[in-house]
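Colleague: Provide a 3D model corresponding to the input given below.
(2 chains)
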There are 2 protein chains.
Amino acid sequence: MSRFLDRRYRNLTPYVPGEQPRNPGYVKLNTNESPFPPSPRVLQALSGEEVQRLNLYPDPEAWAVRRAVAELYGLAENQVMMTNGSDEALAFCFLAFCGAEKGVAYPSVSYGFYPVYARLCSLDALEIPLGEDFTICPEAYSALGRTVVIANPNAPTGLSLSRDEIEEIVLKNPDSVVVVDEAYVDFGGESAVPLIGRYDNLVVVQTCSKSRNLAGMRLGFALGDAALIADLNAVRCSFNPYNLSRPACLAGEAAIRDAAYFRTCTDRIIRTREAFSAALREIGFSVLPSAANFVFAAPPGIGGEDYYKALRARGVLIRYFDRPGLREYVRITIGSDAQMRLLLEKTTEILEERK
Amino acid sequence: MSRFLDRRYRNLTPYVPGEQPRNPGYVKLNTNESPFPPSPRVLQALSGEEVQRLNLYPDPEAWAVRRAVAELYGLAENQVMMTNGSDEALAFCFLAFCGAEKGVAYPSVSYGFYPVYARLCSLDALEIPLGEDFTICPEAYSALGRTVVIANPNAPTGLSLSRDEIEEIVLKNPDSVVVVDEAYVDFGGESAVPLIGRYDNLVVVQTCSKSRNLAGMRLGFALGDAALIADLNAVRCSFNPYNLSRPACLAGEAAIRDAAYFRTCTDRIIRTREAFSAALREIGFSVLPSAANFVFAAPPGIGGEDYYKALRARGVLIRYFDRPGLREYVRITIGSDAQMRLLLEKTTEILEERK
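Modeller: As a prediction, this is how the structure comes out:
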C-alpha cells in the first residue's frame, strides 16, 4: 500500500479468483468453466473480416448483442445492459443501488465477491445465515430495508430457489432493489427473468462464462426495469463506456443466437452432473442436490482441504473452503465425462490409501 | 432515473463518446482512431488455436502482456497494471487516489472524461484554466494539495509539455499523486515513463487504442511505482479481477512486441499530420502545433459547428465543441493520406460556397 491510497480503501481485501495455474497439465475443475469450446458460430464470427477492424472503437451501446439478449428473453433493448463479465454488472449494482442511504444484505455463504464489493463501496452489509441444510430461507429476506443480493442457484452450494420464492423476496422488499445473480441458472435453476415486467425493483444478472462457454471472453449482462437499467448505464458510462471489445460483442451475439449448441452443452453438463453425483454418493460422499455446473460435496473420512491437496498432487484441481461449517466440503466443477471419470478414479485411490 | 439510484449518483452526467455511426459510409475523423489495421502479428495471435479456448478464464494478472509492456519500458512487472482500455485505468486512479481526503485538479480544457470521473467519485475538482494560447502552464500546478491529472499531449489541443515540465509538476506535488495520461504520446510527445523509478507519486497511463491500432480491443495500462500499482490492483481486484479477455491479452502482447509495425504506423501519422497541417494553414486555418494523432484547428470565416455540419453533410465526421473559447475550433483526427485529401477537397468546396 502506498501513502496515497484513499482512506476508504485501506482495508480492501480484493477478491481472490480460483487458482489459474500456468501449467496447463492440470484437470481444472475449480473455477466452474465449461469443458466445451465456444459455439462454432462464435469461432466463425471471430475469424471473419471484422477482426481486421480492431483499429476502430466498438459500439459503446453494444447494440447487436444487446438485441440478441433482448430477443432471447422477450425484453426490450432498454431492459438490457451488457458488461465486461457479470462481475462488472454486479459492481455497478453495488455502486448504483447501495450506499449511504441503503446497506446491502446477502446470504452468509454465497459468492465470495459480495463482501468484497461491500467493502469497496464502504457499505453496511448484513450477512444472513443459511439454514442447517445450507438452504436460503426466503422468509429471512422480508422487509430488510436494504438492497438484497441473492445468487440463484447459490454458490458454492448449488441449491436453488424457485421463481415463486424469488418473487416473494421481491414482493417483500418493494422499496429496495433485489439483485438475482443467475450465473448458474441455465443448468437447472428457474430464472426470475419472467418477473421483470411486473416489478420495478428486480435486477437479474447473467453471464456468458458458464452456459455459453465464454469465460475467456468476459461477457455478462444485467436485465431489469428500464429505469433501473438506465441507472446502471449512467454509472457504466461514468466509468467506462467502451466496456466491451469488438470481439466480445461479436462472440456474445453469436453465442446467444446459437440456441441449439447452448442446449446441447447445458444438457450434457446436467446429465454428467447427475451421474457424477450418484457415483460420489455410491462411494460415501454427501452431495447436495445441485442446479448448477458444479457440486458441493463432503468426502467420507477426509476433510475438504486434505482431499483438495490429495487431488492436486494427482493433477486435479477443485476448490475447498477454509471457513467454519464448510471445512468438510469441496466444490467440484462438472467437466467432461472423461474428466469426471478421472476424478472418480483418483478419489478411489485417495480413499483406499487412507483405509 | 429510478427511485432506487443512490443519492450520490443522481447528478451523474455520463461521458458521451464521439459519434459512432451505424452507417459505415462515413469517413470517421472524429474519435482519434488509427486508420491502419492491427499488426499482422495481432491477427496471427487471434487466429490460432487459442481462440478455441475461450471457455477458460483469462489470466487475471495478464502476465504475458504485462511482461511485454514492462520489457518495452524497462520496468518491473509490478510497476505495470493492464486495464480494459485506459479509461478503466483512469477510473481506478480517480477511485484510489482522490476522495474525502483529497480533491483533484486538471486543466479546464482537457479530456472530457475527467469531470465525469470527478462527479462519479463525488470529488472536489479544481479546473485550472489554460493560457490564452491553449497551453498548460506548469507553474499553475504547484503545491495544489490535490491529485493532479494531466493529459500530455493534451486533448483536444494536441499541445504537449516536455518531460522536464512534467517533472516539475511531480516535484512540486510530493504529497499527491500526479497522473499523466499519455494516450497520444507516441505521436510526438515526450513520455514521463523514464521518471517512474525516481518518484513515488507518478502514474503514467497509456493505451493501445491509438498508436497500437487496437481501439476495438479495449486495452490500456497504468505504469508507476510498485506501491501505487499495488493500490490500483487492490481496487481493480475489488471491482473486476478478470478485466481483460483472452483475446485482449493475446492481441496486446502481439501489438506491444511488434515495434517495427508500431514505428511504421506512428511515423506515417506524424508525416500525414505535418503535411495536413501545412495544407490547412495554406487555406487560411489557424492550426495548433500537434504532438498527437489529431489537430486542433479553426477554419476561416466559419464556426466549428457549422464547419462540422457542412463536412458531415459531405460524409466526413470530425468533432466540434459547444463551449466558450472553443467554438471557433474543431478537432480532426489524422487518418490516411487519402482521407485527409478528401477532407481538404470537401473543405475547399465548403469555403468556396461561402464566399
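Colleague: Could you use CA atoms for every contact and neighbour count after this?
Modeller: OK.
Colleague: ok, the closest residue to chain B within the stretch 251-355 of chain A - contacts?
Modeller: Proximity to chain B, evaluated over the stretch 251-355 of chain A using CA to the nearest CA, is greatest for A:Ala251 at 9.8 Å. Residues counted as contacts of A:Ala251 (CA atoms under 8 Å, 6 or more residues apart in numbering or on different chains) are A:42-43, A:45-46, A:217.
Colleague: same check, this time on A:Glu139
Modeller: Applying CA under 8 Å, 6+ apart to A:Glu139 gives the contacts A:Ile169.
Colleague: ok, now with 10 Å
Modeller: A:165, A:168-169, A:172 (CA atoms under 10 Å, 6 or more residues apart in numbering or on different chains).
Colleague: before we move on, the earlier item: am I right that the residue of the stretch 251-355 of chain A closest to chain B sits in a helix?
Modeller: Yes - A:Ala251 forms part of a helix when assessed by DSSP: H, G, I helix; E, B strand; the rest coil.
Colleague: related to what we said a few turns ago, okay if I get the contacts of A:Glu139 as JSON lines plus pLDDT and distance to B:Tyr73?
Modeller: Putting the contacts of A:Glu139 into JSON lines (pLDDT from 0 to 100; distance: CA to CA, whole Å) gives the following:
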{"residue": "A:Glu165", "pLDDT": "98", "distance to B:Tyr73": "55"}
{"residue": "A:Glu168", "pLDDT": "98", "distance to B:Tyr73": "56"}
{"residue": "A:Ile169", "pLDDT": "98", "distance to B:Tyr73": "53"}
{"residue": "A:Lys172", "pLDDT": "98", "distance to B:Tyr73": "56"}
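Colleague: These, buried ones only, as a ChimeraX selection?
Modeller: Applied in ChimeraX, the following selects the buried portion of the contacts of A:Glu139 according to 16 or more other CA atoms under 10 Å in any protein chain shown:
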select /A:165,169,172
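Colleague: Format the contacts of A:Glu139 as CSV; extra columns: secondary structure.
Modeller: As requested, the contacts of A:Glu139 are exported to CSV (three-state DSSP):
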residue, secondary structure
A:Glu165, helix
A:Glu168, helix
A:Ile169, helix
A:Lys172, helix
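Colleague: Any figure for the gap between the spatially closest residue to A:Leu195 that is not a sequence neighbour and chain B?
Modeller: Computed as CA to CA, 6 or more residues apart in numbering or on different chains, the closest residue to A:Leu195 that is not its neighbour in sequence is A:Glu167, at 7.4 Å. Remark: distance between A:Glu167 and chain B (CA to the nearest CA, to the nearest Å) = 18 Å.
Colleague: ditto for A:Met1
Modeller: 5 Å.
Colleague: What residues does that residue make contact with?
Modeller: By CA under 10 Å, 6+ apart, the contact list for A:Met1 reads A:9-10, B:226-232, B:234.
Colleague: Out of the contacts of A:Ala251, who's the most crowded?
Modeller: In terms of neighbours by other CA atoms under 10 Å in any protein chain shown, the contacts of A:Ala251 top out with A:Met217 at 32 neighbours.
Colleague: Need the pLDDT of the residue nearest to that residue when sequence neighbours are not counted.
Modeller: Once flanking residues are discounted, A:Met217 sits nearest to B:Ser245: 4.8 Å by CA to CA, 6+ apart. If you check B:Ser245, the pLDDT there is 97.
Colleague: ok, B:Ser245 - how many residues close by?
Modeller: Neighbour count of B:Ser245, defined by other CA under 10 Å: 31.
Colleague: I'd say it and B:Leu54 touch.
Modeller: Yes - the criterion here is CA atoms under 10 Å, and B:Ser245 meets it with B:Leu54 at 8.7 Å.
Colleague: hmm, back to that, what's the closest of the contacts of A:Met1 to A:Ala140?
Modeller: Checking the contacts of A:Met1 against A:Ala140 with CA to CA, the nearest one is A:Tyr9 at 30.8 Å.
Colleague: Pull up the gap between A:Val295 and A:Val69, please.
Modeller: Going from A:Val295 to A:Val69 by CA to CA, to the nearest Å gives 28 Å.
Colleague: neighbour-wise, which of the two wins?
Modeller: The neighbour count for A:Val295 versus A:Val69, taken as other CA under 10 Å, is higher for A:Val295 (27 against 23).
Colleague: what separates the helix or strand harbouring that one from the chain centre, distance-wise?
Modeller: Per DSSP states H and E, A:Val295 falls inside strand A:294-298. Put simply, strand A:294-298 sits 16 Å off its chain's centre (CA atoms, centre = their mean, to the nearest Å).
Colleague: So for that strand, mean pLDDT?
Modeller: Rounded mean pLDDT across strand A:294-298 is 98.
Colleague: From the contact counts, what lies against that strand?
Modeller: Secondary-structure packing of strand A:294-298 (3 or more CA pairs under 10 Å, 6 or more residues apart in numbering or on different chains; DSSP states H and E): helix A:259-282, strand A:286-287, helix A:304-313, strand A:330-333.
Colleague: so, in contact with chain B or not, the last one?
Modeller: What it means is strand A:330-333. No - applying CA under 10 Å from any CA of the partner chain, one finds strand A:330-333 separated from chain B by no less than 12.5 Å.
Colleague: got a list of contacts for that strand?
Modeller: Contacts of strand A:330-333 with the rest of the structure, by CA under 10 Å, 6+ apart, involve A:28-35, A:155-158, A:269, A:273, A:287, A:292-299, A:303-305, A:307-308, A:317-321, A:340, A:343.
Colleague: Next SSE downstream of it?
Modeller: Once the chain leaves strand A:330-333, the next helix or strand it forms, by DSSP H and E, is helix A:337-353.
Colleague: Contact partners for the residue of chain A most remote from its centre?
Modeller: Within chain A, A:Lys355 marks the point farthest from the mean C-alpha position, 37.0 Å out by CA atoms, centre = their mean. Contacts for A:Lys355 were tallied using CA under 10 Å, 6+ apart; they are A:Gly301.
Colleague: Checking my notes, it in a strand, right?
Modeller: No - using three-state DSSP, the assignment for A:Lys355 is coil, not a strand.
Colleague: Next one: it, what pLDDT does it get?
Modeller: For A:Lys355, the pLDDT comes out at 79.
Colleague: same deal with A:Gln79?
Modeller: With respect to pLDDT, A:Gln79 scores 98.
Colleague: since we're on the spatially closest residue to it that is not a sequence neighbour, how many residues are nearby?
Modeller: The shortest distance from A:Gln79 to any residue other than its chain neighbours is 4.7 Å, reached at A:Ala226 (CA to CA, 6+ apart). By other CA under 10 Å, 21 other residues sit near A:Ala226.
Colleague: then stretch A:153-164 to CSV, C-alphas only?
Modeller: These are the backbone C-alpha positions of stretch A:153-164, laid out as CSV (Å, rounded to 0.1, in the frame of the first residue of the first chain):
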residue,chain,number,x,y,z
PRO,A,153,-28.6,-21.2,-7.8
ASN,A,154,-26.4,-20.3,-4.8
ALA,A,155,-22.7,-20.8,-4.8
PRO,A,156,-20.9,-22.9,-3.6
THR,A,157,-23.9,-25.0,-2.6
GLY,A,158,-25.6,-25.3,-6.0
LEU,A,159,-29.0,-25.2,-4.2
SER,A,160,-31.7,-23.1,-5.9
LEU,A,161,-34.9,-21.2,-5.0
SER,A,162,-38.0,-21.4,-7.1
ARG,A,163,-39.2,-18.4,-9.1
ASP,A,164,-42.1,-18.2,-6.6
